[in-house]
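Asks: A structural model of the following input is requested.
(one chain, ligands or ions: 1)
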Amino acid sequence: MTTSAELFEQACRHIPGGVNSPVRAFKGLYRPPVFMERAQGAYLFDVEGKRYVDYVGSWGPMITGHADPDVLGAVRERLNNGLSFGTPTAIETTMADLICEIMPSIEMVRMVNSGTEATMSAIRLARGFTGRDKIVKFEGNYHGHSDSLLVKAGSGALTHGEPSSPGVPASLADHTITLSYNDIDEVERCFEEIGSQIACIIVEPVAGNMNCIPPAEGFLKALRHVCDRYQSVLIFDEVMTGFRVAMGGAQAYYGVSPDLTCLGKIVGGGMPVGAFGGRSEIMQELSPIGPVYQAGTLSGNPLAMAAGVALLSKIREPGFHDALAQRVDTLCNGLESRAHEAGIDMITQRAGGMFGVFFTGQRSVENFAQATACDENAFRRFFSAMLEHGVYLAPSAYEAGFMSSAHTPEDLQVTLDAAEHAFAQMTSRV
Ligand SMILES: N[C@H](C=O)CCC(=O)O
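Replies: Prediction:
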């Protein structure tokens, strides 16, 4: 049997850092990443045969668990027709209709291949529509790895200590204004000064790329008002939150409509898919009807559409998201009470089917400064102990956890038992 450590060594020969996305590398966790062999329901199975209860869910898409038979069946059914045609196909319209029905703020939508493409394209469209260059984003929000957006970013960039990446021209980064998440006064001050130059605000309506930070009361509404006042475009990056915090995404959950929405993860059912859409007036600026260019050889790929349509159709069932949130509550309440009993400063934050664990004595974590002030060492010890006890959490203190409908009460109990062991180990080493 080849171990994860051996596979990692082999991978590092020809793949930078041995991984195809940095967050997978377990950097700073004092051990090589675990190589997985297969996944089923709530579980991952590694190459050495060990089973893990999984709360990463491929970073979000696996909301009904891994290898969902309905999603696999939909892909199988299409497979023999061919992989990709580079022509329109009817299932792209099925997908567009479904998205527009589920998220009424989206009147027109275009499919792309990843969340990064979705946000990058939405920014270009907002700039083209308004004729302005400057964009506002928030510190610790991550919108993929395109140049304009890789400034003071969260996710892997933050995990690896480089929230702003070399390789982004300073002249381009100059157009990106980064403000503090949840600080509406700062947003208002910025717009009072240069509002007429700002094309858009892009925001994660729940900041899931610096752990899990819900919006402060009134924050999203205030962004809506500011954008209306200055005719800037409000973009919700719902790559993570879309179809997860509620079927209609964070915009339904918090009752605020953006002008444009970026989607990814669940919309592709586990295949590489993204989408961006919104008000027709803006979307009609896109080529071939408008002048803003955006394209993709594999965009709207029929297999990917089949997977996405099958998953979206399945999770529309009434009660699905309430049950998911209920599981998150059971898990988070259980973690908090066990940490409390062990005398460990730890809190959880939640939004529908996503959650975060913070090692802090604070009562809540609301922004980048507070998130980065949490005890990363405690997180590392917790992560390692949980892994040892068969629970796979995101290997970073800055990533949200994801629940699926495949997680059973027994899986949650296994997780809470593992946490009890982990907290005991942590206190015995302090
Ligand atoms: N937080 C990232 C995406 O949402 C994690 C996935 C990745 O960067 O590979």
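Asks: interface residues of the stretch 301-430 of the chain facing the ligand?
Replies: Residues of the stretch 301-430 of the chain lying near the ligand by CB under 6 Å from any ligand atom: residue 399. All C-beta spots, glycine's among them, are computed from the backbone N, C-alpha and C.
Asks: what about the residue in the stretch 201-350 of the chain that the ligand sits nearest to, how many residues nearby?
Replies: The stretch 201-350 of the chain approaches the ligand most closely through residue 209 (4.8 Å), counting by CB to the nearest ligand atom. Residue 209 is flanked by 28 other residues according to other CB atoms under 10 Å.
Asks: and the pLDDT at it?
Replies: pLDDT, residue 209: 96.
Asks: any idea what residue 262 is bridged to?
Replies: With DSSP bridges applied, the residues forming beta bridges to residue 262 are residue 237, residue 276.
Asks: again with residue 348
Replies: Applying DSSP bridges to residue 348, the residues it is bridged with are residue 357.
Asks: which pLDDT does the model give it?
Replies: You'll see residue 348 listed with a pLDDT of 98.
Asks: doesn't residue 335 make contact with it?
Replies: Yes: counting by CB atoms under 8 Å, residue 348 does reach residue 335; the two are 5.9 Å apart.
Asks: which neighbours do those two have in common?
Replies: Applying CB atoms under 8 Å, 6 or more residues apart in numbering, one finds that residue 348 and residue 335 are jointly contacted by residue 357.
Asks: helix/strand/coil for the residue in the stretch 251-400 of the chain that the ligand sits nearest to?
Replies: Nearest to the ligand in the stretch 251-400 of the chain, going by CB to the nearest ligand atom, is residue 399, at a distance of 5.4 Å. The three-state label for residue 399, taken from DSSP: H, G, I helix; E, B strand; the rest coil, comes out as coil.
Asks: list the contacts for it?
Replies: Contacts of residue 399 (CB under 8 Å, 6+ apart): 23, 56, 59, 155, 159, 208-209, 211.
Asks: which residue ranges of the stretch 201-350 of the chain form helices?
Replies: In the stretch 201-350 of the chain, the helices defined using DSSP state H, counting those that start in this stretch lie at 219-230, 249-254, 280-283, 302-315, 320-342.
Asks: about what we covered before: so which of the contacts of residue 399 is the most crowded?
Replies: residue 208 (32 neighbours).
Asks: if I read this right, that residue contacts residue 237, doesn't it?
Replies: No: counting by CB under 8 Å, no contact exists between residue 208 and residue 237, whose distance comes to 9.5 Å.
Asks: helices and strands of this protein: which one has the lowest mean pLDDT?
Replies: Sorting the helices and strands of the chain by mean pLDDT, DSSP states H and E puts helix 155-159 at the bottom, at a mean of 80.
Asks: export it as PDB, just CAs?
Replies: What follows is helix 155-159, C-alpha atoms only, in PDB (Å, rounded to 0.1, in the frame of the first residue of the first chain):
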ATOM      1  CA  SER A 155      -8.800  31.600   1.900                       C
ATOM      2  CA  GLY A 156      -5.500  30.000   0.900                       C
ATOM      3  CA  ALA A 157      -3.800  33.400   0.300                       C
ATOM      4  CA  LEU A 158      -4.400  34.300   4.000                       C
ATOM      5  CA  THR A 159      -3.700  30.800   5.200                       C
END
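Asks: ok, what's across the strand from residue 269?
Replies: Beta-bridge partners for residue 269, by DSSP bridges, are residue 271.
Asks: that one: how many residues sit nearby?
Replies: 28.
Asks: and residue 340, by the same measure?
Replies: If we define neighbours as other CB under 10 Å, then residue 340 has 13 of them.
Asks: give the contact list for it.
Replies: When the contact criterion is CB under 8 Å, 6+ apart, residue 340 has no partners at all.
Asks: separation between it and residue 386?
Replies: Computed as CB to CB, to the nearest Å, the residue 340 to residue 386 distance reads 18 Å.
Asks: pretty sure the residue of the stretch 201-350 of the chain closest to the ligand is touching residue 144, no?
Replies: No: with contacts defined as CB under 8 Å, residue 209 does not count as touching residue 144, sitting 9.8 Å away.
Asks: the ligand contacts on the stretch 151-300 of the chain?
Replies: So far as CB under 6 Å from any ligand atom goes, the stretch 151-300 of the chain lies against the ligand at 155-156, 209, 240.
Asks: for stretch 311-325, output the C-alpha coordinates as PDB.
Replies: Written as PDB, here are the backbone C-alpha positions of stretch 311-325 (Å, rounded to 0.1, in the frame of the first residue of the first chain):
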ATOM      1  CA  LEU A 311     -28.300  18.600  -7.600                       C
ATOM      2  CA  LEU A 312     -30.300  21.900  -7.600                       C
ATOM      3  CA  SER A 313     -33.500  20.000  -8.400                       C
ATOM      4  CA  LYS A 314     -32.900  17.600  -5.500                       C
ATOM      5  CA  ILE A 315     -32.200  20.300  -2.800                       C
ATOM      6  CA  ARG A 316     -35.300  22.300  -3.700                       C
ATOM      7  CA  GLU A 317     -37.300  19.800  -1.600                       C
ATOM      8  CA  PRO A 318     -39.200  21.800   1.200                       C
ATOM      9  CA  GLY A 319     -37.400  21.600   4.500                       C
ATOM     10  CA  PHE A 320     -34.000  20.600   3.100                       C
ATOM     11  CA  HIS A 321     -32.200  23.700   4.300                       C
ATOM     12  CA  ASP A 322     -33.900  23.800   7.700                       C
ATOM     13  CA  ALA A 323     -32.800  20.300   8.300                       C
ATOM     14  CA  LEU A 324     -29.200  21.200   7.200                       C
ATOM     15  CA  ALA A 325     -29.200  24.200   9.600                       C
END
